[in-house]
Structures are given as C-alpha cells and as structure tokens.
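> Let me see the structure of the following:
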Amino acid sequence: MHSLDDLYYFYLVVKHGGFSAASQATDISKTTLSRRIDALEKRYQVKLIERSTRHFKVTALGQQFYSECSNTVQQAECAHSVLLKERTEVSGLIRISCPPLMMQFQIRDILHPFLKQYPQVSVEIELSSRRVDVIHDEIDIAIRTNFEKNHDSSLIVRPVIQTVHGLVASPALVANASQVTLENLASYPVAALGTYQKSYGWKLNHQHSGEQHCIAFEPRIKCSDLHSVHAAVMDGLGIADLPLLVVAQDIKAGRLLHLLPDWQARMGTVELVYTSRQGKRLVVELLIEHLISGLQQLASTQEGYVAGVL
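Below is the predicted model of the structure:
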C-alpha cells in the first residue's frame, strides 16, 4: 500500500478549497501538496482536481474519493485520541456559539451524549443568531447556517450539511395554500430574517424544471433571530422563508401551510467555524469531529436536508 499521507494531503486541499488555503492552514508547503496530488493522479491515471491559476474544481470522482479520505482521516484522529487519552484526561471548558433554533433542532441531541461521555468537560453556550467574532469573543466553535461563501481566511470554516428552506404561512393569514401564486406572493406581508440588508427578496428555484423566479419585497417584520421570525409566522403576521426541518411538524399538524411546495426558497449550509487547529486542545478537536459526524448522521435520516456529504 502506498503512503496514506497522499490521502491526507488530498483531504486537506479539498477541505480548504485550494492549495494555497490548505498550505496556510496547515504549514504544509503548497509545492508539496501539489506535487503529491499530481503523483496520486498519475499513479491511478485519474483526474481528481481540475485546476488552473484562477480555477479550482473537484471532479465527481474526486468528491467520492474525498468522502472516503474524510472517513480515513477521522478514524486516524480517533486512533490518535485513544493514545492521547492515556496521558491526557479529556476535560476543560468549551465556548460555543449557536443560534437558538439550531440548538433545539440539531445540536442539543448531538452535544449532550458527548458531555455524558466526557464528564470532565463543561460548556459555555451563547445562544444567539448574531455573527460572532470567533477570535475577539474567544469562541472555540461557532455553529451557524450560511447562505454565502465565507471569505475570512483567518478562520477555518467547515461546511458540514445543507438544509432546505421553504415558504410558509399560518392559516390565519392564508386560508388555503393554493390561493398563493408567484404572481400575488409579493402582495402578502412578510417576516424576514436580518435587519441590516439594503434590499429583501426571494430567489425561488423550481425543484423539477430548474426555473428561477425572483420576488422582491419589503418586510413588515424584520428580526435578527430566526426564532422570532418563526413566532411571527405562527401568529399570522406574515409569510417567511424558514428551514423545513424547523417547520415540518407545524406543517403536518396544520399549524402552518407550505406555500408553493414545488419552489425551493434557498439552501443553507451548516458550518463549524473556529481558529486554526495548531495548538488546539484535544477536547475541542474531539467535539468538532463529534459534531460533524452527528450532523451528517442527522441529515441522512431526517427530512429537510440535501442528500449527500459536503
């Protein structure tokens, strides 16, 4: 068997989205990363990454290979942790930032088993929808949903899973879901997430035809917290674009109506954000991998997520 280092190098390059980014995050030279992946492709006569001075794209085969490499790296890290635990008790305080609804629907059931497994670990959780400054606020792990690519090279951003959003309204506002159309959608009041945007709108994608439709609106209610948007919709104050995993039970119970179900409002990427792994404590490393594994398992078994691993 050839060196497993090549698998690790490929994993790093894809995870960080490029050779330069991977080099900056790991202190492994860009030349070494490029040379080893070139050798890997030549050895198996395959193309894993398409790249030029301005272009970086992982091929379909490369994505499959990355998924397997991720599993291998995770297993290696777990094996490494077994040895570390012989000399280091897994303990200490971890500071976490997470939106309230994400904690309720996604993180709590993943975090609590970790705390039971490691009784010497304590956590300090900031439940907030604000975009924290990980370094300034001394946050070990920020968990959030993002709708745009992150360009902060000073942080490590781990995209984990994707969530599907849909338009919903209370029967108190909309008597029947069929009465809402693309043409009259903008005539209804809207509850929107975010208070500092210059403009607001929905970019709707048809799930079957791929057709796109953009609808601009001026929100009646603007909230910085997703929980408040959800509450406003439940009270019949407006239509909102919400994660389907959050409103699935409300829709099934008839408390909310799923409007234009063939049109997907948008997709959010659940990310873990933290500083460089250099010198990172074992307990934080373990929780990061535990959260990633738990979220991926959640996405594979519940509705409201995009199939596949990022």
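
> and the longest strand along the chain, what other elements does it pack with?
Determined from DSSP state E, the single longest strand within the chain is strand 156-169. Judged by 3 or more CB pairs under 8 Å, 6 or more residues apart in numbering; DSSP states H and E, strand 156-169 is in contact with strand 240-243, helix 244-252, strand 257-259, strand 263-264, strand 267-274, helix 282-301. (Glycine included, C-beta is placed from N, CA and C.)

> Output the contacting helices and strands for the longest one.
By that I understand helix 282-301. Using 3+ CB pairs under 8 Å, 6+ apart: helix 282-301 touches helix 60-85, strand 92-98, helix 108-117, strand 141-146, strand 156-169, strand 267-274.

> Let's have the ones you listed in CSV, adding distance to residue 222.
CSV is the format used below for the helices and strands packed on helix 282-301 (distance: least, CB to CB, whole Å):
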stretch, distance to residue 222
helix 60-85, 38
strand 92-98, 22
helix 108-117, 27
strand 141-146, 18
strand 156-169, 17
strand 267-274, 18
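
> residue closest to the middle of this protein?
The centre of the chain sits closest to residue 270, judged by CA atoms, centre = their mean, with a distance of 1.4 Å.

> you'd agree that one is up against residue 295?
Yes: in this structure residue 270 lies within contact range of residue 295 using CB atoms under 8 Å: 6.2 Å.

> any common contacting residues for the two?
106, 160-161 (CB atoms under 8 Å, 6 or more residues apart in numbering).

> And residue 131, how far from residue 139?
11 Å (CB to CB, to the nearest Å).

> more neighbours, the two?
residue 139 (21 against 12; other CB atoms under 10 Å).

> Compare the mean pLDDT across the helices and strands packed on helix 282-301 and name the weakest.
In terms of average pLDDT, helix 60-85 trails the rest of the helices and strands packed on helix 282-301, at a mean of 80.

> now for that one, which elements pack on it?
Helices and strands touching helix 60-85, by 3+ CB pairs under 8 Å, 6+ apart, are helix 5-16, helix 282-301.

> okay, the angle between the last one and strand 267-274?
So the one you mean is helix 282-301. If you take axes from the mean of the first three to the mean of the last three CA atoms, to 10 degrees, helix 282-301 sits at 170 degrees to strand 267-274.

> Could I get the CA-only coordinates of helix 282-301 as PDB?
Extracted in PDB, the C-alpha atoms of helix 282-301 (Å, rounded to 0.1, in the frame of the first residue of the first chain):
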ATOM      1  CA  LEU A 282      -7.800  17.800  22.400                       C
ATOM      2  CA  VAL A 283     -11.300  18.300  23.900                       C
ATOM      3  CA  VAL A 284     -12.200  20.900  21.200                       C
ATOM      4  CA  GLU A 285     -10.800  18.600  18.400                       C
ATOM      5  CA  LEU A 286     -12.900  15.800  19.700                       C
ATOM      6  CA  LEU A 287     -16.100  17.900  19.900                       C
ATOM      7  CA  ILE A 288     -15.600  19.200  16.300                       C
ATOM      8  CA  GLU A 289     -15.400  15.700  14.900                       C
ATOM      9  CA  HIS A 290     -18.300  14.600  17.100                       C
ATOM     10  CA  LEU A 291     -20.500  17.400  15.800                       C
ATOM     11  CA  ILE A 292     -19.600  16.800  12.200                       C
ATOM     12  CA  SER A 293     -20.400  13.100  12.500                       C
ATOM     13  CA  GLY A 294     -23.600  13.800  14.300                       C
ATOM     14  CA  LEU A 295     -24.800  16.400  11.900                       C
ATOM     15  CA  GLN A 296     -24.100  14.200   8.900                       C
ATOM     16  CA  GLN A 297     -26.000  11.300  10.500                       C
ATOM     17  CA  LEU A 298     -28.900  13.600  11.200                       C
ATOM     18  CA  ALA A 299     -29.000  14.800   7.600                       C
ATOM     19  CA  SER A 300     -29.100  11.200   6.300                       C
ATOM     20  CA  THR A 301     -32.100  10.200   8.500                       C
END
